[in-house]
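**Student:** Kindly return the folded structure for what I paste below:
(chains A, B, C and D)
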There are 2 protein chains.
Amino acid sequence: MGNIMEKNTKEGYGKILGRLEQEILDVLWSKGDATGKEIFDSIKSKREIALTTVLTVIERLTNKNFVKKVRGESVYIFKPAFTKDEFAGKVSKEMLKSIFEISASGASASFVDMLADTHPLELDRLAFLIESKKKEMERKAWRR
Amino acid sequence: MGNIMEKNTKEGYGKILGRLEQEILDVLWSKGDATGKEIFDSIKSKREIALTTVLTVIERLTNKNFVKKVRGESVYIFKPAFTKDEFAGKVSKEMLKSIFEISASGASASFVDMLADTHPLELDRLAFLIESKKKEMERKAWRR
DNA sequence: CATTCTATTCGACAATTTGTAGAATGTCAA
DNA sequence: TTGACATTCTACAAATTGTCGAATAGAATG
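**Tutor:** The predicted structure follows:
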């Protein structure tokens, strides 16, 4: 039947990062840290691309504070500024804020569906998180 | 202390729609349907803007299938293609998919935090949704 | 029918974001 | 000094969104 949200925009709506940006962060998350050349090699092994292209985008990620740049011996070394979890957390907080402004209930329903489809085991953890959060809120309400 | 995700990009990361796009959909969601002129009037009452600007963006939303355009008597009438809930559901599905590819656990945690902050009462509904979903999954697993 | 509003569509330009990469410049060792 | 390698600069292209004026199409009126 074809999803209505498709094909209208370049990347779709949920895209946080561009393709190359994502590739770079993936390399960094998997290696922990890397030189520009290493990142380039890794991406180059999958598709044709110029070194400077990769360097440029790494630089941009650095400016966005997604990547840290530190001087190594004779070469810069790049590190992810956040772990995957931290990153996902920060970004989703932003995104969800936008969505919640439109409709919290619609977002909740989708969230559960999505989770059930892709990470069914996470459902239990989510249930647990909710319980914890509720308890935490009670404690806070208590202390007043 | 200042969120690290701020100020780097024009709009921030979670933005699904541009400002004017959002304003237009908001008008449509609140009125149910409206002519171009009506939408324009509504937005114009809050800030200076040209009629054609609004019309152009309505047209773009129509092409994205966010808005339906139907011939009324002598004037076109626009309607939201989705309710707020549907829209939030569809969009968040997309977004969450992206985020989950990065980290499901980070996203879950943020989700709960966000919900607790902005719509605390939704927490119970979410817990309920999870339970329902789990039961549904059990039933499906059962039938095999 | 010609004139005059009003509605709608077109075409354009600006700013931002992301991808792309060559040119220029910097660094360090032989 | 001369290479070889590293890093930065500069630029362009395509998309997206905001912004409108000009042109065109339709409807209403005299």
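
**Student:** sec struct for residue A:14, please.
**Tutor:** Following DSSP: H, G, I helix; E, B strand; the rest coil, we place residue A:14 in the coil state.

**Student:** what pLDDT does it get?
**Tutor:** Residue A:14 is assigned 71 on the pLDDT scale.

**Student:** Please report how far it lies from residue A:99.
**Tutor:** Using C-beta to C-beta, to the nearest Å, residue A:14 is found at 10 Å from residue A:99. Backbone N, C-alpha and C define where each C-beta goes, glycine included.

**Student:** so what sits against both of these two?
**Tutor:** Shared contacts of residue A:14 and residue A:99 (C-beta atoms under 8 Å, 6 or more residues apart in numbering or on different chains): B:91, B:95.

**Student:** Neighbour count for those two, which is higher?
**Tutor:** Each of residue A:14 and residue A:99 has its neighbours counted (other C-beta atoms under 10 Å in any protein chain shown); residue A:99 has more, 26 against 20.

**Student:** Not counting its neighbours along the chain, what's nearest the residue most central in space within chain A?
**Tutor:** Closest to where the C-alpha atoms of chain A average out (C-alpha atoms, centre = their mean) is residue A:88, at 4.0 Å. Counting by C-beta to C-beta, 6 or more residues apart in numbering or on different chains, the nearest residue to residue A:88 once its immediate chain neighbours are dropped is residue B:106, at 3.2 Å.

**Student:** mind checking how far the one you found is from residue B:112?
**Tutor:** 11 Å.

**Student:** can you tell me which residues contact residue A:62?
**Tutor:** Contacts of residue A:62 (C-beta under 8 Å, 6+ apart): A:68, A:69, A:78.

**Student:** hang on, isn't the second one packed against residue A:76?
**Tutor:** Which is residue A:69. Yes - counting by C-beta atoms under 8 Å, residue A:76 is a contact partner of residue A:69 at 5.5 Å.

**Student:** how many neighbours does residue A:133 have?
**Tutor:** Counted with other C-beta under 10 Å, residues neighbouring residue A:133 total 18.

**Student:** Name the SS class of it, please.
**Tutor:** helix.

**Student:** any idea how far it lies from DNA strand C?
**Tutor:** Per C-beta to the nearest atom of the strand, to the nearest Å, residue A:133 is found 31 Å from DNA strand C.

**Student:** and if you look at residue A:16?
**Tutor:** In terms of C-beta to the nearest atom of the strand, residue A:16 sits 8 Å off from DNA strand C.
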